[in-house]
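Colleague: with the input below, show me the fold.
(chains A and B)
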Amino acid sequence: MQPGSASWSFDEEDLGAITATVLRFLAETGAHSALIVDRSGQLITTVGQALAFDPTVFATLTAADFSANDQLARLIGETDFTTLFHQGEKESMYVADVARRLILVVLFDTRTPIGLVRLKMKPVVEELTAHLDRACTRARESGNTQPNILAGAGDEIDELFNW
Amino acid sequence: MSMINYAAREINCKIVYYGPGLGGKTTNLEHIYGKVKPDMRGKLISLATETDRTLFFDFLPVDLGTIRGFNTRFHLYTVPGQVYYNASRKLILKNVDGIVFVADSQVERMEANLESMQNLYDNMAEYGYDLTRMPFVIQYNKRDLPNAAPVGELQSALNPGWEPAEPAKARIIPDPYHSGENLVDQLPGGDWVERVSYFEGVAIEGDGVFDTLKAVSKLVLKALA
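Modeller: Next up, the predicted model:
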């Protein structure tokens, strides 16, 4: 998939495939939770154990972290850093780029060895890229897979701000 | 780039508050945070220096209601105003859906306003966005200060107008927020000019803050419709 290619959208089937891939990754590594975030910081979905924090805020900070590190990479002559690892005393996070469209964030504790997360990360990113490719190809072929839900909603939009 | 999440039935949009340092961008978000009911907004996140100057960004998610069964969720960001932080400022503009330029009305800050506006145009152009063709409003903040420049002067400097985006727009379009003024107008020479909506504000008191937010949010949703 071309980085920054045309608009795309996920349907239930895409989301189901993404969730299944990430769930399997969590089971294989013992990591407890994962988030899928788009590069602009919008949360797509969370997988695994319920999170004890606000996932919207987490998604925004993750995307900012990733973008800032991208720029750092360029300054030292790299095109980007495809993964980031933040290690804490008990909790750690591993962050991976997916086709320059999405970010996979994996949260795990000391029971999960980082080596295992690294090892299993490559195939999971490839699988997620394939899901994304399918969604983008479909969007390209059909023009737009979803109806424009706001088409002709001018009056309703006016009404929404009538406060 | 707005994202419509059909599974969660949400429309997510990104609005960035831009402008010179100490102009009131963070104050706008703080007021919104304080006034919106807690169940309609998330946490206000500030990545700031020890002295409360914005280092990377402030972030506040707010829900503005439901339309056609979809919750409208706006992600509000501010950028660091200081010239020094342009690299991080540019990052925040990525995939933006709407812009609020918060100008500092004080006469002494005119040059800083102009520099920031030019910087906004330049950074947007680097992403391939044309500011004149997207949801964009201006807030003239600090109207209560004795050294505030007249609105007419600020308009001439920061909102002088441009050729209308589409030929169909070359007709008088009244400014819905200021009676007797026009958003699209014809100059004595016959040329048409289009300006963006502006609001007078005293963000620290909350004056003009919600008018500005409503106007830009409405433009963002209408751009999707």
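Colleague: residue ranges in chain A under the pLDDT threshold?
Modeller: For chain A, the stretches flagged by pLDDT under 70 are A:1-9, A:142-147.
Colleague: who in it is up against chain B?
Modeller: Residues of chain A lying near chain B by Cβ under 8 Å from any Cβ of the partner chain: A:7, A:9-12, A:15, A:38-42, A:44-45, A:54, A:56-57, A:60-61, A:64, A:67-68, A:71, A:146, A:148-154, A:156-158, A:160-161, A:163. C-beta: built from backbone N, CA, C; applies to glycine.
Colleague: pull the longest helix from chain A.
Modeller: Identified as the longest helix of chain A according to DSSP state H is helix A:114-142.
Colleague: list the buried residues of it.
Modeller: Across helix A:114-142, burial judged by 16 or more other Cβ atoms under 10 Å in any protein chain shown covers A:117, A:120-121, A:124-125, A:127-129, A:131-132, A:135-136, A:139.
Colleague: what about the helices in chain B?
Modeller: Assigned by DSSP H, the helices in chain B fall at B:25-35, B:86-93, B:110-126, B:151-158, B:209-224.
Colleague: figure out which of those helices is closest to B:I138.
Modeller: When those are ranked by distance to B:I138, counting by Cβ to Cβ, first place goes to helix B:151-158 at 6.2 Å.
Colleague: model confidence over that closest one, on average?
Modeller: Taken as a whole, helix B:151-158 carries a mean pLDDT of 97.
Colleague: just checking, what packs against that helix?
Modeller: Counting contacts by 3 or more Cβ pairs under 8 Å, 6 or more residues apart in numbering or on different chains; DSSP states H and E, helix B:151-158 is packed against strand B:98-104, helix B:110-126, strand B:136-141, strand B:198-200.
Colleague: chain center to it, what's the gap?
Modeller: Centre-to-centre, helix B:151-158 and its host chain are 16 Å apart (Cα atoms, centre = their mean, to the nearest Å).
Colleague: quick one: it to strand B:98-104, angle?
Modeller: 120 degrees (axes from the mean of the first three to the mean of the last three Cα atoms, to 10 degrees).
Colleague: buried residues in helix B:151-158?
Modeller: Of all the residues in helix B:151-158, those buried under the rule 16+ other Cβ under 10 Å are B:154-155, B:158.
Colleague: neighbours of the closest residue to B:N86 other than its chain neighbours, how many?
Modeller: Leaving out its chain neighbours, the residue that sits closest to B:N86 by Cβ to Cβ, 6 or more residues apart in numbering or on different chains is B:N119, at 6.8 Å. The number of residues packed near B:N119 is 19, by other Cβ atoms under 10 Å in any protein chain shown.
Colleague: now swap in A:E91 and tell me
Modeller: Applying other Cβ under 10 Å, we find 12 residues neighbouring A:E91.
Colleague: now do the one 4 residues further on
Modeller: Using other Cβ under 10 Å as the criterion, A:V95 is surrounded by 22 other residues.
Colleague: the helix or strand of chain B at the bottom of the mean pLDDT ranking pairs with which strands?
Modeller: Scoring the helices and strands of chain B by mean pLDDT, DSSP states H and E places strand B:3-5 at the bottom, with a mean of 75. Here the strand partners of strand B:3-5, with direction, are listed using DSSP bridges: strand B:10-18 (antiparallel).
Colleague: for chain A, what are the nearby residues on chain B?
Modeller: Taking Cβ under 8 Å from any Cβ as the contact definition, chain B meets chain A at B:1, B:3-7, B:11-12, B:14, B:42-43, B:45, B:47, B:56-57, B:59, B:61, B:64-65, B:67-68, B:70, B:72, B:75, B:87-88, B:91-92, B:94-95, B:214, B:217-218, B:221-222, B:224-225.
Colleague: buried ones among those?
Modeller: B:3-5, B:11-12, B:14, B:42, B:45, B:56-57, B:59, B:61, B:64, B:67, B:70, B:72, B:75, B:88, B:91-92, B:94-95, B:214, B:217-218, B:221, B:224.
Colleague: show me where pLDDT drops low in chain B?
Modeller: Scanning chain B for pLDDT under 70 picks out the ranges B:1.
Colleague: residue farthest from the centroid of it?
Modeller: Note on chain B: the largest C-alpha distance from the chain mean falls to B:G189, namely 30.5 Å (Cα atoms, centre = their mean).
Colleague: B:T132 against B:P164, yeah?
Modeller: No - taking Cβ atoms under 8 Å as the definition, B:T132 is not a contact partner of B:P164, at 9.1 Å.
Colleague: beta-bridge partners for the residue positioned nearest the centre of chain B, please?
Modeller: Central residue check for chain B by Cα atoms, centre = their mean: the C-alpha nearest the mean position is that of B:V100, 0.5 Å away. Beta bridges link B:V100 to B:Y17, B:V137 when assigned by DSSP bridges.
Colleague: ok, now which ones touch it?
Modeller: With Cβ atoms under 8 Å, 6 or more residues apart in numbering or on different chains as the criterion, the residues that contact B:V100 are B:15-18, B:28, B:136-139, B:212-213, B:216.
Colleague: make it 10 Å
Modeller: Residues in contact with B:V100 (Cβ atoms under 10 Å, 6 or more residues apart in numbering or on different chains) are B:15-19, B:25, B:28, B:76, B:78, B:135-139, B:199, B:209, B:212-213, B:215-217.
Colleague: these two touch, right, the residue nearest to B:N86 and B:Y18?
Modeller: Yes - the pair formed by B:N119 and B:Y18 meets the contact definition of Cβ atoms under 10 Å, at 8.4 Å.
Colleague: what's the overlap in contacts for these two?
Modeller: Contact criterion Cβ under 10 Å, 6+ apart; residues bridging B:N119 and B:Y18 by contacting each: B:79, B:81, B:89.
Colleague: just give me the neighbour total for the residue lying closest to the last one once chain neighbours are set aside.
Modeller: Spatial nearest neighbour of B:R89, excluding adjacent residues (Cβ to Cβ, 6+ apart): B:V79 at 4.3 Å. Close neighbours of B:V79, defined as other Cβ under 10 Å, add up to 26.
Colleague: same check on A:A20?
Modeller: The burial metric for A:A20, expressed as a neighbour count using other Cβ under 10 Å, is 13.
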